[in-house]
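Colleague: predicted coordinates and the sequence they were generated for:
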Amino acid sequence: FSVLLTPGLYILSSDSSDVTKRSDLHRMMDMTAEKLRLIGGSVEMVDVGTQTLPNGSSIALPKVVTARFGEDPSKRTVCVYGHVDVQPAKKEDGWATDPYELTDIDGNLYGRGASDNKAPVLAWIHTVEVYKDLPVNVKFIIEGMEETGSNGLDDMIVAQKDSFFSDVDYIIISDCVWLSKRPALTYGTRGNCYFFAEVEGPKKDLHSGVYGGTVMEPMTDLIGILDKLISPSGKILIPGIREAVAHLSDEEWKMYQDIEFDLESYKREIGLSQLMYSNKVDLLAHRWRHPTVSIHGIEGAFSSPGTKTVIPAKVIAKFSIRQVPNMDPAMVEKQVTDYLHSVFAKRKSPNKLNVTMVIGAKPWLADPKHPLYEAGKAAVKRVFAVEPDLIREGGTIPIARSFQDVTGKSIIMLPIGGFDDGLHSQNEKISRYNYMEGTKLFIAFLHEVSQMEKH
Ligand SMILES: CC(C)C[C@H](NC(=O)CN)C(=O)O
């Protein structure tokens, strides 16, 4: 994947959610391991088992790549986590360029996974490569299933807690972006509970002219229950969800208040004239530390151009709920399942509803007063000559909380992606500036960590 930063070259479509692309994902892990070996790492590819597909069959999960550089007991040891799988992307989604051909336009490198998370992983590899004498020991753990919930990684961490992780002092994650043009350090992420809600009716699709009006349609049922998840003003309607949310403390409110963030530029960036909240603190709080429901798509629905007049026999809605302290995915699974069944029952439909939670990732929160964040601030000041923003992230790094709970190590998130990188969207990119200065930031950060007192 060193091809990532060579414009005009093919980037592997390492889409972890599309099982037909699994061979590309396996190649991606092999190339990652090879790159780490080439620069002198002791590399292992850890088998994390298989994945069971909805049809009951199973396929191999991509191996997790671990690497070690240096074993000097007098130095601190950091572990860098990253992922080289990506979200789905098709040119027809509205990309200006082929998502799998890296394209350099005006200093921006466009391609799926450019910012999330291939360039940051590569920047870490280059960091290790350029140091003649690393000031700290560096370990890597690079996975290929982050975008579908880090399947298999939890068990691996538990299994290697007393081996791979035993000498690790700190864990560093660079899988997020700045809030604005100002560099940032991230101390919290939301979790994610991802659901499939399937409504199944007739044994096959039906002609809506011939059968319409005589059957209760699965799509109508599905849209009806989806509409009961969240109100137009963003109030989650599932009983129990809002009650679990931790209160926003005065200290946190003040931190948000002090962050420079311009709502007008935010509107411009996403192309909207109105937001859900019109003041900065409310907006940031709802982006970072309140739950939300997002409806992502409906499998089985007619979605091509044109006018097919069908009644789909079976439709599966995909939606997710971002998790914040003190929500618990197991509890959320029960709340959502019970609620949707009760709403569906009121429709008195003969169709069948099946609700399953396919990802249950917890939120993560660190103490931004930990000395690791002082090291981060010093590194940002050295490279960018400004103080970083201390921010939370609305997205999810599924494994962050397990790293914290299982290994007990302190974590810092050190983003290098730009606020407008378009993660998961059309025309994802990373700028050459962020990539180059970001690499310098990592180099400076390792130096700062080597100067820290051990915690
Ligand atoms: C559980 C999600 C699919 C994880 C995903 N993570 C990221 O985008 C970070 N690279 C998310 O949607 O937040």
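Modeller: Ah, there it is. As the structure is a prediction and not an experimental result, all values here were calculated from the model. Residues are numbered from 1 along each chain as shown.

Colleague: could you use CA atoms for every contact and neighbour count after this?
Modeller: OK.

Colleague: which single residue in the stretch 51-200 of the chain comes nearest to the ligand?
Modeller: When distances are taken as Cα to the nearest ligand atom, the stretch 51-200 of the chain reaches nearest to the ligand at residue 147, 4.2 Å away.

Colleague: how about the contacts made by that residue?
Modeller: Each residue near residue 147 by Cα atoms under 8 Å, 6 or more residues apart in numbering is listed here: 16, 17, 85, 86, 87.

Colleague: now with 10 Å?
Modeller: Going by Cα atoms under 10 Å, 6 or more residues apart in numbering, residue 147 touches 15-17, 83-88, 116, 396-398, 424.

Colleague: between those residues, which is nearest residue 234?
Modeller: For residue 234, the closest of the contacts of residue 147 turns out to be residue 396, at 19.7 Å, with distances computed as Cα to Cα.

Colleague: burial count for the closest one?
Modeller: Per other Cα atoms under 10 Å, the neighbour tally for residue 396 reads 24.

Colleague: follow-up on the earlier one: of the contacts of residue 147, list those near the ligand.
Modeller: 116, 396, 397, 398 (Cα under 6 Å from any ligand atom).

Colleague: could the residues you listed be laid out in a markdown table, adding distance to residue 157?
Modeller: Conversion of those to a markdown table gives the following (distance: Cα to Cα, whole Å):
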| residue | distance to residue 157 |
| --- | --- |
| 116 | 22 |
| 396 | 18 |
| 397 | 15 |
| 398 | 13 |
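
Colleague: show me where pLDDT drops low in the stretch 1-150 of the chain?
Modeller: By pLDDT under 70, the low-scoring segments of the stretch 1-150 of the chain are 1-9.

Colleague: residue 194 belongs to a helix?
Modeller: No: counting by DSSP: H, G, I helix; E, B strand; the rest coil, residue 194 is not part of a helix but strand.

Colleague: tell me where the stretch 351-455 of the chain has helices.
Modeller: Under the criterion DSSP state H, counting those that start in this stretch, the stretch 351-455 of the chain contains helices at 371-384, 400-402, 432-450.

Colleague: so which of these is nearest residue 95?
Modeller: Nearest of the helices of the stretch 351-455 of the chain to residue 95, taken as Cα to Cα: helix 432-450 at 19.6 Å.

Colleague: pretty sure residue 344 contacts residue 229?
Modeller: No: proximity of residue 344 to residue 229 does not meet the contact threshold set by Cα atoms under 10 Å, at 11.9 Å.

Colleague: assign a three-state SS to the nearest residue to residue 233 once chain neighbours are set aside, would you?
Modeller: The shortest distance from residue 233 to any residue that is not its chain neighbour, by Cα to Cα, 6 or more residues apart in numbering, is 7.0 Å, and that residue is residue 276. For residue 276, the secondary structure call by three-state DSSP comes out as coil.

Colleague: burial measure for residue 276, as a count.
Modeller: The number of residues packed around residue 276, counting by other Cα under 10 Å, is 11.

Colleague: then the one 10 residues further on?
Modeller: Using other Cα under 10 Å, residue 286 has 16 other residues around it.

Colleague: give me the distance between it and the ligand.
Modeller: 15 Å (Cα to the nearest ligand atom, to the nearest Å).

Colleague: was I right about that residue contacting residue 293?
Modeller: No: between residue 286 and residue 293 there is no contact under Cα under 10 Å: 11.6 Å.

Colleague: mutual contacts of those two, please.
Modeller: With contacts taken as Cα under 10 Å, 6+ apart, residue 286 and residue 293 have residue 234 as neighbours in common.

Colleague: so which bits of the protein are right by the ligand?
Modeller: Residues of the chain found near the ligand (Cα under 6 Å from any ligand atom) are 116, 147, 148, 149, 175, 192, 395, 396, 397, 398.

Colleague: let me know the closest of these to residue 238.
Modeller: Residue 238 lies nearest to residue 192 out of the residues of the chain next to the ligand, by Cα to Cα, at 15.6 Å.

Colleague: okay, and the closest residue to the closest one other than its chain neighbours sits in which element?
Modeller: In space, and not counting its chain neighbours, residue 192 is closest to residue 322: 4.4 Å by Cα to Cα, 6+ apart. Element membership of residue 322, judged by DSSP states H and E, is strand 314-323.

Colleague: show me where the chain has helices.
Modeller: Counting by DSSP state H, the chain forms helices over residues 22-38, 119-130, 153-160, 208-211, 218-226, 250-258, 263-270, 280-288, 329-346, 371-384, 400-402, 432-450, given from the N-terminal end onward.

Colleague: out of those helices, which is closest to residue 390?
Modeller: Comparing those by their distance to residue 390 (Cα to Cα), the top pick is helix 250-258, with 8.1 Å.

Colleague: how distant is the closest one from the center of its chain?
Modeller: Remark: helix 250-258 is offset 25 Å from the chain centroid, using Cα atoms, centre = their mean, to the nearest Å.

Colleague: now stretch 426-434
Modeller: For stretch 426-434, the distance between its averaged C-alpha position and the chain's averaged C-alpha position is 17 Å (Cα atoms, centre = their mean).

Colleague: okay, how far is it across it, tip to tip?
Modeller: For stretch 426-434, the first and last residues are 19 Å from each other (Cα to Cα, to the nearest Å).

Colleague: buried ones in it, by neighbour count?
Modeller: By neighbour count with 16 or more other Cα atoms under 10 Å, stretch 426-434 contains the buried residues 426, 427, 428, 429, 430, 431, 432, 434.

Colleague: again with stretch 337-348
Modeller: Of the residues in stretch 337-348, those buried under the neighbour-count criterion (16+ other Cα under 10 Å) are 337, 339, 340, 343, 344.

Colleague: that stretch: how far from the chain's middle?
Modeller: 30 Å.

Colleague: quick one: average confidence on that stretch?
Modeller: Here stretch 337-348 scores 98 as its mean pLDDT.

Colleague: many thanks, have a good one.
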